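*Asks:* Fold the stuff below for me.
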Amino acid sequence: MADNPFDPKYAGGLLGLLGKPPEPENSLARAFGLLASQRPAARTNPFSAAFSDLFPSSSAAPTQGAAHDLLGPGALSPLLGHNQPPQQHLWYYVTPRFNAFLSNLAVSEQHREAGLKKFDNVVASLNRHYYDHSSDTLNGIVIGSWGKKTQIAPPRDVDTLFLLPDHVYHRFQQRSGNRQSQLLQEVKDALLVTNTRTNMRADRQVVVVPFDAVTVEVAVGFRCADGSI
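*Replies:* Sure, this is the predicted structure:
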């Protein structure tokens, strides 16, 4: 069986490496806290007594951090044949790779501007049809990932909510059959007036407008009686 390097009989050799003449056999054991049970309960640093012997001229014992540097695993690793990397290098390779991962997910400024431009196009077209003005901001709301600014590359559809006037609601309430489908068909026809070359379709609750740069999905709704959305 190999000799135990922490056996008290080796105390002189190890302390000699630290620049201290050999002490009594219990010095190394005391340095590693093996006799902590013999200390007063109020003492919290098991290295204080050993460093008081090593540095008798010091007015105050080194802190626990200094003791860890001199006697901790990192300091004794050369003696024990270990090669531990410094703590500050643990994330050295992870951080740049994670930043590159985030950069690959980010939507480019070019795609962002193209998506918002198509949103403006849709809102302006519907405002002309239902409100007799061509504002590209009023009554239109960007929702979904684009509205929450959580979109990722490659950019997908821009989810849009357009608020129709109240009279459209009352007009369709007087109809029979699938009124939702009829409403979406009317919205699609309104968008075709200014986007004649775009192959649109009504798909369940939205009108899909597949522009070349990005697809816009338009959902329509009405304000509540109190004006809220």
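*Asks:* Going by residue numbers, what spans are strands in the chain?
*Replies:* 140-143, 158-163, 201-203, 206-210, 215-221 (DSSP state E).
*Asks:* Mean pLDDT lowest where, among those?
*Replies:* With a mean of 90, strand 201-203 has the lowest mean pLDDT of the strands of the chain.
*Asks:* For the protein, give me the ranges with low pLDDT.
*Replies:* Applying pLDDT under 70 to the chain flags residues 1-88.
*Asks:* per the record, what domains does it have?
*Replies:* Structural domains assigned to the chain are 8-84, 107-221, following automatic domain parsing.
*Asks:* hang on, the earlier thing: mind putting the strands of the chain in TSV, distance to residue 114 included?
*Replies:* (C-beta placed from N, C-alpha, C; glycine too.) Listed next are the strands of the chain as TSV, based on distance: least, CB to CB, whole Å:
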stretch	distance to residue 114
strand 140-143	14
strand 158-163	9
strand 201-203	21
strand 206-210	13
strand 215-221	11
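*Asks:* Out of these, which gets nearest to residue 195?
*Replies:* strand 206-210 (6.9 Å; CB to CB).
*Asks:* List the contacts of residue 124.
*Replies:* Contacts of residue 124 were listed using CB atoms under 8 Å, 6 or more residues apart in numbering, and they are 134, 135, 136, 194.
*Asks:* Next, find the distance separating it from residue 227.
*Replies:* Distance, residue 124 to residue 227, using CB to CB, to the nearest Å: 23 Å.
*Asks:* cool, and residue 108?
*Replies:* Counting by CB to CB, the gap from residue 108 to residue 227 is 38 Å.
*Asks:* cool, residue 99 as well?
*Replies:* Counting by CB to CB - residue 99 and residue 227 are separated by 45 Å.
*Asks:* Among the two, which residue is more densely surrounded?
*Replies:* residue 99 (10 against 6; other CB atoms under 10 Å).
*Asks:* Could you give me the buried positions within stretch 176-189?
*Replies:* 183, 184, 186, 187, 188 (16 or more other CB atoms under 10 Å).
*Asks:* ok, residue 199 - how many residues close by?
*Replies:* Neighbours of residue 199 (other CB under 10 Å): 9.
*Asks:* ok, the residue lying closest to it once chain neighbours are set aside - how many residues close by?
*Replies:* Closest residue in space to residue 199, ignoring its immediate chain neighbours: residue 210 at 6.4 Å, by CB to CB, 6 or more residues apart in numbering. Close neighbours of residue 210, defined as other CB under 10 Å, add up to 13.
*Asks:* Now that residue 210 has come up, it's in contact with residue 200, right?
*Replies:* Yes. If you go by CB atoms under 8 Å, residue 210 and residue 200 touch, sitting 7.4 Å apart.
*Asks:* re earlier: now the buried residues of stretch 176-189 in a markdown table, with distance to residue 143?
*Replies:* Output for the buried residues of stretch 176-189, formatted as a markdown table (distance: CB to CB, whole Å):
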| residue | distance to residue 143 |
| --- | --- |
| 183 | 18 |
| 184 | 17 |
| 186 | 21 |
| 187 | 16 |
| 188 | 19 |
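*Asks:* Of the residues you listed, just say which sits nearest to residue 204.
*Replies:* Looking across the buried residues of stretch 176-189 and measuring by CB to CB, the closest to residue 204 is residue 184, at 8.6 Å.
*Asks:* Tell me who's in contact with residue 191.
*Replies:* 122, 125, 126, 198, 200, 207, 209, 218.
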